[in-house]
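**Student:** coordinates only, sequence not included:
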Ligand SMILES: Nc1nc(=O)c2c([nH]1)NC[C@@H]1CN(c3ccc(C(=O)N[C@@H](CCC(=O)O)C(=O)O)cc3)C=[N+]21
């Protein structure tokens, strides 16, 4: 049996249509949701991602501002820009594209963003809100993964979810979101001695490592839900995830493709968070 595809492009179209409707309603009340995207340096991948984010805003009735700075921008100057955006009433969400050049302390810049504008969900206040169940923005990638699982009507209660990867941006928040839905959660990482022994027990697997073929068919329980967060290039230079898609799709019950899976959902949840930031601002 071949797994059913969870189509991130199709789900994004549905969710973005709702964003556009709500953005239009806000606009009618005189508020256009605004996102500021700050890009430092000329990382080629970042240029593409940032352009996609700006285009997604435009397509769905959000206003966006792209600020590009040379790689030599000082940390103090970047902090000053963040402060200006914090105080700009036309901007409801601020995204500082990562990675930043090595001379800039990325965490310090993230903490400078006003939590109510932290639509990436990377601020310690946002992380704390997710951990405790308080209101705050959830990081877009794991949030998008949760929406994909929700879209197939899957009940996580009592299921075993295995997350591969423990980053602050994906693995850790992903585990907390799954836990909040009453899954039993295991987090695996580079020091896990037998990854397959863990994943073979999983009803849901989220692969977020950043390495090709981390998950192969022999590591998957028949019928499992497999979410692929990876963004890698194969030998032919084609975009691929962390999962051996061709093999795993013959075993899994559901699987997300790369491209067309988690990537577009990350951008969709950025739009959702920005819209909600705008909806929360008092008129
Ligand atoms: N502050 C910050 N926030 C981020 O959310 C953030 C970041 N920094 N730095 C880089 C990563 C990466 N990221 C992606 C988003 C969408 C796709 C995406 O839409 N991918 C398409 C394919 C795009 C292509 O063809 O290259 C897909 O999977 O179908 C990919 C990658 C957001 N990031």
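**Tutor:** Nice, I can see it. Every value quoted in this text rests on a predicted model; they were computed, and no experiment measured them.
**Student:** So residue 6 versus residue 205, what's the distance?
**Tutor:** From residue 6 over to residue 205 the distance is 13 Å, taken as C-beta to C-beta, to the nearest Å. (Each C-beta comes from the backbone N, C-alpha and C, glycine too.)
**Student:** Need the overlap of contacts for these two.
**Tutor:** Common neighbours of residue 6 and residue 205, using C-beta atoms under 8 Å, 6 or more residues apart in numbering, are residue 227.
**Student:** Mind checking which of the two has more residues around it?
**Tutor:** Between residue 6 and residue 205, residue 205 has the larger neighbour count (other C-beta atoms under 10 Å), namely 29 against 26.
**Student:** Need the three-state assignment for that one.
**Tutor:** Three-state assignment for residue 205 (DSSP: H, G, I helix; E, B strand; the rest coil): strand.
**Student:** A helix includes residue 53, no?
**Tutor:** Yes - per three-state DSSP, residue 53 lies within a helix segment.
**Student:** Name the SS class of residue 258, please.
**Tutor:** coil.
**Student:** contacting residues for the closest residue to it other than its chain neighbours?
**Tutor:** Excluding the flanking residues, the one nearest residue 258 by C-beta to C-beta, 6 or more residues apart in numbering is residue 241, at 3.5 Å. Residues near residue 241 by C-beta under 8 Å, 6+ apart: 207, 212, 228-232, 256-258, 261.
**Student:** Please report the distance of residue 241 from residue 10.
**Tutor:** 18 Å.
**Student:** likewise residue 20?
**Tutor:** Residue 20 is 16 Å from residue 10, by C-beta to C-beta.
**Student:** Equivalent analysis for residue 257, please.
**Tutor:** 11 Å.
**Student:** these two touch, right, residue 159 and residue 205?
**Tutor:** No - contact between residue 159 and residue 205 fails when scored by C-beta atoms under 8 Å: they sit 11.1 Å apart.
**Student:** got the residue ranges for the helices in this structure?
**Tutor:** Applying DSSP state H to the chain gives helices spanning 8-28, 44-59, 75-86, 106-112, 124-132, 140-151, 171-180, 195-199, 245-248, 262-280.
**Student:** Mean neighbour count and mean pLDDT for those helices - can I get that in TSV?
**Tutor:** Compiled in TSV, these are given as follows (neighbours: other C-beta atoms under 10 Å; pLDDT from 0 to 100):
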stretch	mean neighbour count	mean pLDDT
helix 8-28	17	98
helix 44-59	15	93
helix 75-86	16	98
helix 106-112	17	98
helix 124-132	16	98
helix 140-151	23	99
helix 171-180	21	98
helix 195-199	17	98
helix 245-248	17	98
helix 262-280	24	98
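**Student:** Make JSON lines out of these and add distance to the ligand.
**Tutor:** Shown next, in JSON lines, are these (distance: least, C-beta to the nearest ligand atom, whole Å):
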{"stretch": "helix 8-28", "distance to the ligand": "7"}
{"stretch": "helix 44-59", "distance to the ligand": "5"}
{"stretch": "helix 75-86", "distance to the ligand": "12"}
{"stretch": "helix 106-112", "distance to the ligand": "8"}
{"stretch": "helix 124-132", "distance to the ligand": "12"}
{"stretch": "helix 140-151", "distance to the ligand": "5"}
{"stretch": "helix 171-180", "distance to the ligand": "12"}
{"stretch": "helix 195-199", "distance to the ligand": "22"}
{"stretch": "helix 245-248", "distance to the ligand": "13"}
{"stretch": "helix 262-280", "distance to the ligand": "2"}
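**Student:** In the stretch 101-250 of the chain, which residue sits closest to the ligand?
**Tutor:** Among the residues of the stretch 101-250 of the chain, residue 120 lies closest to the ligand, at 4.7 Å counting by C-beta to the nearest ligand atom.
**Student:** ok, the nearest residue to that residue once chain neighbours are set aside to residue 10 distance?
**Tutor:** What sits nearest to residue 120 in space, not counting adjacent residues and going by C-beta to C-beta, 6+ apart, is residue 95, at 5.3 Å. Counting by C-beta to C-beta, the gap from residue 95 to residue 10 is 25 Å.
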